[in-house]
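Undergrad: Test case, fold it:
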Amino acid sequence: MALPGELAVLAMMEKYDVEQIQPAGVDLRVESIELFIEKGILGVRDRYVPRTVPISGDKWFLQPGFYKIVFKDPVYIPETTVGLCFPRSSLLRMGAMVQCAVWDPGYRGKGEALLVVGNPRGILLERGARIAQLVLIRVGYGYSERYKGVYQGERLAE
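TA: Down below sits the predicted model:
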């Protein structure tokens, strides 16, 4: 069962704008957009996440390609839910999409995602724009652990 936006917003760790609350989730805003500057490695035992560099400014004109985005909104995924992230329909309608991984129960941090710009004319994004929607789905009975992976607490001041 997906939680309504009024409950999903409880996953936000800091202030949020009331316009971020949606009927079936909460919108996430973009904080920064970064360019990949080297290759990544994902093997059986090895993992190397490639370095990126932020694109400067508060408005970005993006040509077709692949970009890393960092969300402005810190979140905490309650232990009884899993977070799924989808692109906002406005983004899709302009020829771009956001790809996110599953946010496991207990994850906290400022997440990141992949922005894919397919529009051959590019798109213009502004810092703080609502770019994705976080949907919380209640986990069935039998969950036992919360997230303990390497990205726990990313970009949070301790």
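
Undergrad: all strands of this protein, in order?
TA: Ranges of strands in the chain, per DSSP state E, are 21-22, 25-36, 41-42, 47-48, 52-54, 59-62, 65-71, 75-76, 81-87, 96-99, 108-109, 112-117, 123-126, 130-138.

Undergrad: surely residue 123 meets residue 98?
TA: No - counting by C-beta atoms under 8 Å, residue 123 sits too far from residue 98 to count as a contact (12.0 Å). To be clear about C-beta, it is placed using only N, CA and C from the backbone, and glycine gets the same treatment.

Undergrad: Neighbour count: the two, which is higher?
TA: residue 98 (21 against 17; other C-beta atoms under 10 Å).

Undergrad: Just give the nearest non-adjacent residue to that one, would you?
TA: Spatial nearest neighbour of residue 98, excluding adjacent residues (C-beta to C-beta, 6 or more residues apart in numbering): residue 87 at 4.2 Å.

Undergrad: Could I get the contacting residues of the one you found?
TA: 96, 97, 98, 131, 132, 133 (C-beta atoms under 8 Å, 6 or more residues apart in numbering).

Undergrad: Got a PyMOL select line for the buried ones in those?
TA: Those of the contacts of residue 87 that count as buried under 16 or more other C-beta atoms under 10 Å are selected in PyMOL with:
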select buried, resi 96+97+98+131+132+133
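
Undergrad: What I need now is the contacts of residue 87 written out in a markdown table, including pLDDT and distance to residue 1 for each item.
TA: Output for the contacts of residue 87, formatted as a markdown table (pLDDT from 0 to 100; distance: C-beta to C-beta, whole Å):
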| residue | pLDDT | distance to residue 1 |
| --- | --- | --- |
| 96 | 98 | 30 |
| 97 | 97 | 26 |
| 98 | 97 | 24 |
| 131 | 96 | 25 |
| 132 | 96 | 21 |
| 133 | 94 | 17 |
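
Undergrad: Just put the contacts of residue 87 in JSON lines and tack on distance to residue 81.
TA: Formatted as JSON lines, those follow (distance: C-beta to C-beta, whole Å):
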{"residue": "96", "distance to residue 81": "27"}
{"residue": "97", "distance to residue 81": "24"}
{"residue": "98", "distance to residue 81": "20"}
{"residue": "131", "distance to residue 81": "21"}
{"residue": "132", "distance to residue 81": "17"}
{"residue": "133", "distance to residue 81": "15"}
